[in-house]
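Trainee: turn this into a model:
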Amino acid sequence: MVDSFNHCSFGHLRSFVKGVWSFCKGVMNSKSWVFQSFNGVIVVGSLLSFLLAIAYAYLFLFPIFQPAIDNSHEIPHSNNSISECNYFEGNWIQDENYPLYDASRCPFAERGFNCLANGRRDRGYTKWRWKPKNCEIPRFNAREILEKMRGKRVVFVGDSLGRTQWESLICMLMTGVEDKRSVYEVNGNKITKQIRFLGVRFSLFDLRIDFYRSVFLVQPGPVPRRAPKRVKSTLKIDKLDDISNEWIDSDVLIFNSGHWWTPSKLFEMGCYFTAGGSVKLGMPITGAFKKAMHTWASWANTTINANRTSMFIRTFESSHWSGRNRLSCKVTRRPSSRTGGRDRSRISDIIIQAVKKMAVPVKVLHVTPMGSIPE
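Mentor: Numbers count the residues shown, from 1 in each chain. Reported below is the predicted structural model:
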């Protein structure tokens, strides 16, 4: 079931987050809500939705909000009342109180995603935040959120967007910690895309925030016997990733997938789909993704303890790469209202339909429309 088909969506691009702790108070008067994420000092398109984990932990701590979960599967429209504010609709406004932290001073922010450290000279892009049409989202308070998350475990599962979301949440929360040495990666690892598991502990709050790299969510597999030569590897779309047991023991569980479900990451690399032990050479990517989402949903329905774990999945974020080879990014100084058709995604539609049929409560973070606006 979906939280008022609660596309708890949130803006990304250039903005730092606008209040989760105070925001959580505001959720009392709203049936649909959103987190503002920041793209401030980290590269565009990678940092959306990092604050979702905070409010989710808040939802777990205060079950009074759970009645908001129902079987209504409609996306809220602009004619809804203010009490049912549609956070999809709004615009970017300048806010001189932003950014809320400096990524250059956060040891968990990858340098590759630090725009200023990589040569961008203007800072104006860090001063934008998303303003919903009929709502106000108060400012983030790291210390209060840390207190509410004491003793909890937050788990992110997905690709590099999930990882930078994880990094962003950690950096935001570190602004509320005086002794920075009390925050550390549990295995002493540096943040890198090569490692499948990264875990950061806020020791003063007994809080764990973990990331598991699982770009497809389902299992990679070997090449079956007598498979065509073009098959170099496979994806078992009927089997969830073999590290999925490590995700279960969590209070907040956030998934994302979709960006690796492309011809360049699959067929052009010789990767094809299998189900029931046989290769599905003619299966299109969207069909395989739909089956993978069914596998993920079935796993959640039979495995997740909804009395403990608040579960979320984020929809597809549009790419803003440009150029003939899609290898350049046209940097702009102000948001644009032109979406270029990026406000819709077949991948997002498949995610939404899968969640609608689930027995366990899952909140959809529908970032596709808000992420479609070019930077």
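Trainee: for His294, report the pLDDT, please.
Mentor: Predicted confidence (pLDDT) for His294: 98.
Trainee: show me what contacts Ala142?
Mentor: Met172, Leu173, Met174, Thr175, Gly176, Val177 (C-beta atoms under 8 Å, 6 or more residues apart in numbering). Where you see a C-beta, it was placed from the backbone N, CA and C, and this is true even at glycine.
Trainee: low-confidence ranges, this structure, go.
Mentor: 1-89, 318-344, 371-375 (pLDDT under 70).
Trainee: mind listing the strands for the stretch 151-300 of the chain?
Mentor: Shown for the stretch 151-300 of the chain, the strands assigned by DSSP state E, counting those that start in this stretch span residues 153-158, 183-185, 197-202, 207-213, 218-221, 233-240, 252-256, 271-275, 278-279.
Trainee: coming back round to it: among the contacts of Ala142, who's most crowded?
Mentor: Leu173 (28 neighbours; other C-beta atoms under 10 Å).
Trainee: which non-adjacent residue is nearest that one?
Mentor: Ala142 (5.3 Å; C-beta to C-beta, 6 or more residues apart in numbering).
Trainee: now do that neighbour against Asn114, distance only.
Mentor: From Ala142 across to Asn114, the span is 20 Å (C-beta to C-beta, to the nearest Å).
Trainee: list the contacts of stretch 177-193.
Mentor: 107-110, 142, 146, 160, 163, 167, 170, 174, 195, 198-204, 208, 213.
Trainee: which residues belonging to it are considered buried?
Mentor: Across stretch 177-193, burial judged by 16 or more other C-beta atoms under 10 Å covers Val177, Val183, Glu185, Ile191.
Trainee: for the first one, give me phi and psi.
Mentor: By that I understand Val177. Dihedral pair for Val177: phi -110, psi 120, per degrees, to the nearest 10.
Trainee: if I've got this straight, Glu347 is in a helix?
Mentor: Check again: residue 347 is Ile, not Glu. Yes - under DSSP: H, G, I helix; E, B strand; the rest coil, Ile347 falls within a helix.
Trainee: for it, what are its contacts?
Mentor: Applying C-beta under 8 Å, 6+ apart, the residues contacting Ile347 are Gly258, Trp261, Thr286, Phe289, Thr315, Phe316.
Trainee: count the residues that sit near the closest residue to the second one other than its chain neighbours.
Mentor: It refers to Trp261. Using C-beta to C-beta, 6+ apart and skipping residues adjacent in sequence, the residue nearest Trp261 is Phe289, 5.0 Å away. Neighbourhood size, Phe289 [other C-beta under 10 Å]: 23.
Trainee: got it, and Ile254?
Mentor: Here the number of neighbours of Ile254 (other C-beta under 10 Å) works out to 27.
Trainee: number the residues from 421 up from this point.
Mentor: From this message on, residue numbering opens at 421, which makes the last subject Ile674.
Trainee: just to check, it is in contact with Val574?
Mentor: Yes - between Ile674 and Val574 a contact is recorded at 7.5 Å, counting by C-beta atoms under 8 Å.
Trainee: just to check, Phe560 is in contact with Tyr518?
Mentor: No - the criterion here is C-beta under 8 Å, and Phe560 misses it with Tyr518 at 10.6 Å.
Trainee: out of those two, which sits in the busier spot?
Mentor: Phe560 (26 against 21).
Trainee: count the neighbours of Leu624 for me.
Mentor: Residues lying near Leu624 (other C-beta under 10 Å) number 13.
Trainee: can you check Glu516 too?
Mentor: There are 5 residues near Glu516, going by other C-beta under 10 Å.
Trainee: kindly report the same for Thr546.
Mentor: Other residues near Thr546 number 24, with proximity taken as other C-beta under 10 Å.
Trainee: give me the phi and psi for it.
Mentor: phi -80, psi 0.
Trainee: what separates it from Cys526, distance-wise?
Mentor: The gap separating Thr546 from Cys526 is 14 Å, by C-beta to C-beta.
Trainee: list the residues that contact both of the two?
Mentor: In contact with both Thr546 and Cys526: no residue, using C-beta under 8 Å, 6+ apart.
Trainee: for Val699, what are its contacts?
Mentor: Val699 neighbours (C-beta under 8 Å, 6+ apart): Pro644, Ala647, Pro648, Val651, Thr654, Tyr692, Phe693.
Trainee: and these, which two are furthest apart?
Mentor: Pairwise distances across those (C-beta to C-beta) peak at 13.3 Å, for the pair Pro648 and Phe693.
Trainee: these two: which is more packed in?
Mentor: Phe693 (26 against 10).
Trainee: my guess is the more buried one contacts Gly702. True?
Mentor: No - counting by C-beta under 8 Å, Phe693 does not reach Gly702; the two are 9.7 Å apart.
Trainee: thinking again about what came up before, format the contacts of Ala562 as TSV; extra columns: distance to Asp522.
Mentor: Below are these laid out as TSV (distance: C-beta to C-beta, whole Å):
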residue	distance to Asp522
Met592	12
Leu593	15
Met594	11
Thr595	9
Gly596	15
Val597	15
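Trainee: among the residues you listed, which are located in helices?
Mentor: Per DSSP state H, helices hold the following members of the contacts of Ala562: Met592, Leu593, Met594.
Trainee: residues in contact with the second one?
Mentor: Right, Leu593. Ile474, Ala562, Ile565, Leu566, Phe622, Leu627, Ile629.
Trainee: can you give me the end-to-end distance of stretch 622-637?
Mentor: For stretch 622-637, the first and last residues are 27 Å from each other (C-alpha to C-alpha, to the nearest Å).
Trainee: oh, that last question was meant for stretch 777-786, not what I typed.
Mentor: Stretch 777-786: ends 17 Å apart by C-alpha to C-alpha.
Trainee: what of stretch 718-733?
Mentor: OK, stretch 718-733 end separation, C-alpha to C-alpha: 14 Å.
Trainee: list the buried residues for that stretch?
Mentor: Trp719, Ala720, Ile724, Ala726, Thr729, Ser730, Met731, Phe732, Ile733.
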